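K.L.:
Show me the folded form of this:
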Amino acid sequence: MMKRRELLRSAGALLVGLVTGKLFSIGAASAHEYELGKLIVEHPWLRAPKEGETKAYLYAFIHNEGSEPDRLIGATGEKFGSFEIYPDARSNAKGNSVLIPPNATTTLAPGGAYVLLLDFKKHLEVGWGLELTLKFEKAGEVVIDAAIEAPDAAHAHDAEAQARWEKAQASGGAPAASPPAGHDHDHDHHHDTK
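P.N.:
Sure thing, here's the model as predicted:
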């Protein structure tokens, strides 16, 4: 009789642990997704400003599960002053928005569309997050927490860029190595000052 109780108690504890663990993993997985109506912003991240710079490049996957297009039109946050939108990095032309077609995924990534965050007022720590608000033409606004990656990261969770950054910090903060060809946005943009 005693063994059966212990067995039931152990099985119950195991079941509670599995359910709790499953719920935790679901919460952790969805922590990188932000829903706004039919839009889902997934894995937002940015390259931390290089030494002496006050700009950072914001990237993400934006899924439009609706039947109507939308547009990313802005970004605001406490730690930066303004933004610029570049719908296509290959043309190097500043735009007013990034089109988010219906039933499609729009990728903001090195070598493609991106949002340039300007005039950072505080230092950004690699490995932390930056809270900001993305503005969409139709869907409205959504608050996200973008992961702060190394200044030369080629993608989110870029372990090689992180290792280069950590090595540079340990050796006195020398600039990190350049990212692979075709992945850098280090070209000079002309910014209007107000």
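K.L.:
Tell me how far the closest residue to A104 other than its chain neighbours lies from I85.
P.N.:
Excluding its sequence neighbours, the residue lying closest to A104 (CB to CB, 6 or more residues apart in numbering) is N64, at 5.9 Å. For every residue, glycine as well, the C-beta is placed using N, CA and C. According to CB to CB, to the nearest Å, N64 stands 17 Å off from I85.
K.L.:
Contacts for the helix or strand hosting I148, please.
P.N.:
For I148, the host element (DSSP states H and E) is strand 140-149. If you take CB atoms under 8 Å, 6 or more residues apart in numbering as the criterion, strand 140-149 is touched by 32, 34-37, 39, 41, 43-48, 56, 58, 60, 124-136, 156-158, 161-162.
K.L.:
Of those, just the buried ones, PyMOL syntax please.
P.N.:
Here is the PyMOL selection string for the buried members of those, based on 16 or more other CB atoms under 10 Å:
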select buried, resi 32+34+36+39+41+44+45+46+47+48+56+58+60+124+126+130+132+134+135+136+156+158+161+162
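K.L.:
if I read this right, K38 contacts P69, doesn't it?
P.N.:
No: using CB atoms under 8 Å, K38 makes no contact with P69, being 10.7 Å away.
K.L.:
Neighbour count: those two, which is higher?
P.N.:
Neighbour tally, K38 and P69, criterion other CB atoms under 10 Å: the higher count belongs to K38, 17 against 14.
K.L.:
and that one, what does it touch?
P.N.:
Counted by CB under 8 Å, 6+ apart, K38 has contacts N64, E65, G66, E68, A139.
K.L.:
how much space between it and A109?
P.N.:
Taking CB to CB, one finds K38 at 22 Å from A109.
K.L.:
What of E65?
P.N.:
Plainly put, E65 is 20 Å away from A109 if you go by CB to CB.
K.L.:
out of those two, which sits in the more crowded spot?
P.N.:
A109 (18 against 13).
K.L.:
Leaving out the residues flanking it, which one is nearest to that one?
P.N.:
Y59 (5.1 Å).
K.L.:
in which helix or strand would I find that neighbour?
P.N.:
With DSSP H and E as the test, Y59 turns up in strand 56-64.
K.L.:
tell me the mean pLDDT over that strand?
P.N.:
Mean per-residue pLDDT for strand 56-64: 97.
K.L.:
what do you get for stretch 104-116?
P.N.:
For stretch 104-116, mean pLDDT rounds to 94.
K.L.:
what distance separates the start and the end of that stretch?
P.N.:
23 Å (CA to CA, to the nearest Å).
K.L.:
Mind listing what's buried along it?
P.N.:
For stretch 104-116, by 16+ other CB under 10 Å, it's T106, L108, A109, P110, G111, A113, Y114, V115, L116.
K.L.:
Run the chain-centre distance for it.
P.N.:
11 Å (CA atoms, centre = their mean, to the nearest Å).
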